[in-house]
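J.: Next comes the sequence, and after it the predicted model I'd like to discuss.
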Amino acid sequence: MPADYPRLARKSPITEKAGIVHLGLGAFFRAHGAVYIQEAVEKSGGEWGIIGVSLQSSGMHDKLAPQEFVYTAQELGPDGETLRQIEIVQDVLVARQEPEAVLTAMAEENIRIVTLTVTEKGYCYDPATGRLNRQHPDIVADLNNELPVSAPGYLVRALQRRKVNGLPPFTVLTCDNLPDNGRIVNGIVLELAEAIDPDLARWIKAEGKFPATMVDRIVPATKAEDVEALATKTGVLDAAPVLHEPFRQWVVEDDFVEAYGSNARPDLGAVGVELVDNVTAYEHMKLRMLNGTHSSLAYLGYLAGHETISQTVADDVFEKFVKQLWSREIIPSFKAPDGVDINAYADALFKRYANPAIQHRTWQIAMDGSQKLPQRILGTVADDFAKAIDVPGLTTAIAAWMLYVGGTDMQGKPIDVKDPLADQLRAIARAASTAAEKVTALLQVSQVFDPALADKLQSPVTKAYDKLVNKGVRETLKEITG
Ligand code: CS2
């Protein structure tokens, strides 16, 4: 880290008191929700400071504490950048080190919202069914101990404290890319609460609120070189800047805990957050159009030797491929939200992917595919099958995921697969000797594939897998796009 620069420091307190605890303080929330919330407070006031929580590691705390928890949001457009200091985060707690402090913060009277970006796997659920995974080691631990380790555990135990103290619950505002995210998290929390204390579950059911949200902004992981380049530019060291694209969108169901009246949330509507009755149509659009193609490009792009999404879509075969995915396979699968021009949305997405200032690694997006595939790709495929729409592109993306999780690329080079099921998936892929056996075995992973859909995928995915192996990625995509 560059040493000779003075450290970034707080300019002015935006708000004295915290109103939000955020679980999972990664780059995405710091570049998205936190920026919106800061703007809402700047515009309309309110005690909405944020206490960030890292569930596992102390890395974020250690970077932010010496700079009073402020950081730079570096917006990277195709034609230049802007820098902005974000001051809404007031503290960062590390749950593994101080679980009691986290619960105390979440049970504090002024905390009216708990936001979350803990990634798909952080919910300890089964992506194929949307239900709590009772066998997950963190859930097993949380069923037996009062100090939790999982995100659902923290929500349940903190709500329990509020109930005991006679306080209303906080609104649980999930900002992760799960389908129907509010409903899923509500179900997970109720299931865990029911197992711990049925009275608590009844109270959460009656008083709790879990609005669904659609969140969108492309935020690649910050690299050491980014930290250095920023310090050289500004003459000040920020150990944890976030880099993001100009585009942003946040659609939120306006359904917050009633007991707080007009104090239930920051004035999000004043800063461009779309407050709606039901977010489902937006969620479908975003998860299928953006994340579905992101994951497809990530596996296929990685296997074709492309390091980032912008490099991948600069390859003309991939440009054609992704445009065809949108027009023939994804757009016909769902109903766009009223008033949205879905073709214009696809055009805008392509421009966002092509932004050369954003270095979003295919390897980063390829992470945790077992948790991402169902809502990003498999739902689309199931809906297309029901409408007799051909899905050569998406089945090729599924085959590419299968190749990828095998842990070796087509040139025989090892792949660093990051996935909670990585060991299981690699073992399955390696035990099979033919493409058909491999595909069959992987389709049986029930956390990912619904059995009825798996049957229908068997033949097209095997064909796609064979083609990828025998002809390579670019030739396979050329055939699909004609
Ligand atoms: C990406 C997302 O890493 C991934 O899996 O697809 O983080 C994506 O960049 C965001 O959802 C964009 O809003």
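T.: Happy to help now that I have it.
J.: Going by C-alpha atoms from here, please, whenever you check contacts or count neighbours.
T.: Fine.
J.: Show me which residues of the stretch 301-450 of the chain sit near the ligand.
T.: 364-365 (C-alpha under 6 Å from any ligand atom).
J.: in this structure, what residue is nearest the ligand?
T.: Closest to the ligand within the chain is residue 216: 3.3 Å, counting by C-alpha to the nearest ligand atom.
J.: Which pLDDT does the model give that residue?
T.: Per-residue pLDDT puts residue 216 at 98.
J.: ok, now residue 382?
T.: Value listed for residue 382 in the pLDDT field: 98.
J.: before we move on, the earlier item: hang on, isn't the residue of the chain closest to the ligand packed against residue 250?
T.: Yes. If you go by C-alpha atoms under 8 Å, residue 216 and residue 250 touch, sitting 6.3 Å apart.
J.: who has more neighbours, these two?
T.: residue 216 (22 against 19; other C-alpha atoms under 10 Å).
J.: Would you enumerate the residues in contact with that one?
T.: Neighbour list for residue 216: 32, 247-250, 286 [criterion: C-alpha atoms under 8 Å, 6 or more residues apart in numbering].
J.: Drop anything exposed from these.
T.: Among the contacts of residue 216, those scoring as buried are 32, 248, 250, 286 (criterion: 16 or more other C-alpha atoms under 10 Å).
J.: what's the closest of those to residue 386?
T.: Using C-alpha to C-alpha, residue 286 is the member of the buried ones among the contacts of residue 216 that lies nearest residue 386, at 21.0 Å.
J.: picking that back up, need the contacts of residue 216 in a markdown table with secondary structure and distance to residue 106, can you?
T.: Formatted as a markdown table, those follow (DSSP: H, G, I helix; E, B strand; the rest coil; distance: C-alpha to C-alpha, whole Å):
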| residue | secondary structure | distance to residue 106 |
| --- | --- | --- |
| 32 | coil | 21 |
| 247 | coil | 31 |
| 248 | coil | 28 |
| 249 | strand | 27 |
| 250 | strand | 24 |
| 286 | helix | 30 |
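J.: Adding distance to the ligand and pLDDT, write these out as CSV.
T.: Listed next are those as CSV, based on distance: C-alpha to the nearest ligand atom, whole Å; pLDDT from 0 to 100:
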residue, distance to the ligand, pLDDT
32, 9, 98
247, 9, 98
248, 8, 98
249, 8, 98
250, 9, 98
286, 8, 98
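J.: Return the closest of the residues you listed with respect to residue 292.
T.: residue 286 (8.4 Å).
J.: how near is the closest one to residue 320?
T.: As judged by C-alpha to C-alpha, to the nearest Å, residue 286 and residue 320 stand 20 Å apart.
J.: Residue 291 now?
T.: From residue 291 to residue 320 the distance is 18 Å (C-alpha to C-alpha).
J.: residues contacting residue 390?
T.: 329, 384.
J.: neighbour-wise, which of residue 291 and residue 320 wins?
T.: More neighbours surround residue 291 than the other of residue 291 and residue 320, with 20 against 16 (other C-alpha under 10 Å).
J.: Doesn't that one belong to a helix?
T.: Yes. Under DSSP: H, G, I helix; E, B strand; the rest coil, residue 291 falls within a helix.
J.: can you list contacts of the helix or strand bottoming out on mean pLDDT in the chain?
T.: Ranked by mean pLDDT, DSSP states H and E, the weakest helix or strand in the chain is strand 125-126, scoring a mean of 93. By C-alpha under 8 Å, 6+ apart, the surrounding residues in contact with strand 125-126 are 131-133, 188, 447-448.
J.: Could you identify the most distant pair in these?
T.: Largest pairwise distance in those, by C-alpha to C-alpha, is 17.6 Å, between 188 and 448.
J.: Quick check: pLDDT value at residue 3.
T.: 65.
J.: begin at 375 from here
T.: Sounds good: first residue 375 from here, last item residue 377.
J.: Backbone torsions only: list them for residue 436.
T.: Torsion angles at residue 436 (phi, psi; degrees, to the nearest 10) stand at phi -70, psi -30.
J.: Count the residues that sit near it.
T.: 15.
J.: what separates it from residue 465, distance-wise?
T.: For residue 436, the distance to residue 465 - C-alpha to C-alpha - is 11 Å.
J.: Test my guess that residue 387 contacts residue 461.
T.: Yes. Counting by C-alpha under 8 Å, residue 387 touches residue 461, with 7.4 Å between them.
J.: Tell me which of those two has more neighbours.
T.: Taking neighbours as other C-alpha under 10 Å, residue 387 and residue 461 compare with residue 461 leading, 23 against 11.
J.: OK, contacts around the closest residue to the more buried one other than its chain neighbours?
T.: Once flanking residues are discounted, residue 461 sits nearest to residue 444: 4.8 Å by C-alpha to C-alpha, 6 or more residues apart in numbering. Residue 444 sits next to 382-384, 438, 459-464 when contact means C-alpha under 8 Å, 6+ apart.
J.: which stretches of the stretch 475-624 of the chain form helices?
T.: 511-518, 525-538, 555-570, 572-581, 598-608 (DSSP state H, counting those that start in this stretch).
J.: what would these look like in TSV with mean pLDDT and mean neighbour count?
T.: Below are the helices of the stretch 475-624 of the chain laid out as TSV (pLDDT from 0 to 100; neighbours: other C-alpha atoms under 10 Å):
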stretch	mean pLDDT	mean neighbour count
helix 511-518	97	17
helix 525-538	98	22
helix 555-570	98	21
helix 572-581	98	16
helix 598-608	97	15
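J.: Residues contacting the helix or strand that contains residue 772 from elsewhere in the structure, which ones?
T.: Assigned by DSSP states H and E, residue 772 belongs to helix 766-779. Outside of helix 766-779, the residues within contact range by C-alpha under 8 Å, 6+ apart are 669-671, 673-674, 677, 695, 699, 703, 743, 751, 755, 783, 789, 791, 796, 799-800, 803, 813, 816, 831, 834-836, 838-839, 842, 851, 854.
J.: So what sits opposite residue 467 in the bridge?
T.: residue 427 (DSSP bridges).
J.: relative to helix 766-779, how tilted is the one helix or strand residue 759 maps to?
T.: Per DSSP H and E, residue 759 falls inside helix 753-760. Relative orientation of helix 753-760 versus helix 766-779 (axes from the mean of the first three to the mean of the last three C-alpha atoms, to 10 degrees): 140 degrees.
J.: residues making contact with helix 753-760?
T.: In contact with helix 753-760 (C-alpha under 8 Å, 6+ apart) are residues 662, 703-704, 706-708, 764-765, 768, 827.
J.: Farthest pair within these?
T.: By the measure C-alpha to C-alpha, 706 and 827 form the most distant pair in those, at 18.4 Å.
J.: quick one, domains of this structure?
T.: 392-652, 655-855 (automatic domain parsing).
J.: wait, residue 417 sits on residue 644?
T.: Yes. With contact defined as C-alpha under 8 Å, residue 417 and residue 644 form a contacting pair (7.5 Å).
J.: just to revisit the earlier point, give me the distance from the helix holding residue 772 to the chain's centre.
T.: Distance of helix 766-779 from its chain centroid, counting by C-alpha atoms, centre = their mean, to the nearest Å, is 21 Å.
J.: Can you show me the CA trace of it as CSV?
T.: Output in CSV follows, covering the C-alpha atoms of helix 766-779 (Å, rounded to 0.1, in the frame of the first residue of the first chain):
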residue,chain,number,x,y,z
PRO,A,766,-29.3,-22.9,-27.7
GLY,A,767,-27.4,-20.0,-26.0
LEU,A,768,-28.5,-20.6,-22.5
THR,A,769,-27.9,-24.3,-22.6
THR,A,770,-24.4,-23.6,-23.9
ALA,A,771,-23.9,-21.2,-20.9
ILE,A,772,-25.0,-24.0,-18.6
ALA,A,773,-22.5,-26.4,-20.3
ALA,A,774,-19.8,-23.8,-19.9
TRP,A,775,-20.5,-23.6,-16.2
MET,A,776,-20.2,-27.4,-16.0
LEU,A,777,-16.9,-27.3,-17.8
TYR,A,778,-15.7,-24.5,-15.6
VAL,A,779,-16.6,-26.2,-12.3
